[in-house]
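[1] this one's structure only:
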């Protein structure tokens, strides 16, 4: 079984590069591994380092803590991993889909009722890990207080009609 220290050591050179660029963002191009796997492994290694300040490392612990708090982790369309400040996203209500026989058609997703907290948590989890890549409109939602802590890659925008859009 791999110890936390061994997991950290596997990703230390990559983390050192990311942290040395702080406050500038980094794009990590993945070769041979899925971007979501690389993103999760890098985040786990950073969390291990921050939780264990006694580990000897070339990475300054105070810088690691800054990156852990200030940066978000996400995947780009080109298959790279983005590590940096939150990027602004544009909200959109309709999605363009090209299908056989149609040049452009639009699909409008219905508003999802999130009065059940399990539904909201499922949507937040799927959006956080980029399993749902399009904006989702929800209603009747109680947004958790620890949203940024548990779902750092999710942005919620209020709409005039008292619904919320999750980017």
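    In hand now; what should we look at? Note that the coordinates shown come from a computational prediction; the quantities given were computed from them, not determined experimentally. Numbers count the residues shown, from 1 in each chain.
[2] so how far is stretch 35-43 from its chain's centroid?
    10 Å (C-alpha atoms, centre = their mean, to the nearest Å).
[3] which non-adjacent residue is nearest residue 150?
    Nearest residue to residue 150, sequence neighbours excluded (C-beta to C-beta, 6 or more residues apart in numbering): residue 144, at 7.0 Å. Every C-beta, even on glycine, is put in place using the N, C-alpha and C of the backbone.
[4] can you tell me the helix or strand for that neighbour?
    Assigned by DSSP states H and E, residue 144 belongs to no helix or strand.
[5] That one contacts residue 156, doesn't it?
    No. Taking contacts as C-beta atoms under 8 Å, residue 144 lies outside contact range of residue 156: 10.5 Å.
[6] Name all residues that make contact with the residue nearest to residue 150.
    121, 124, 150 (C-beta atoms under 8 Å, 6 or more residues apart in numbering).
[7] which of those count as buried?
    residue 124 (16 or more other C-beta atoms under 10 Å).
[8] Which of the contacts of residue 144 fall within strands?
    Among the contacts of residue 144, the subset assigned to strands under DSSP state E is empty.
[9] What about the contacts of residue 144, which are in helices?
    With helices taken from DSSP state H, the overlap with the contacts of residue 144 comprises 121, 124, 150.
[10] could the contacts of residue 144 go into CSV alongside distance to residue 9 and pLDDT?
    Supplementary listing: the contacts of residue 144 in CSV, determined by distance: C-beta to C-beta, whole Å; pLDDT from 0 to 100:
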residue, distance to residue 9, pLDDT
121, 33, 90
124, 32, 91
150, 27, 83
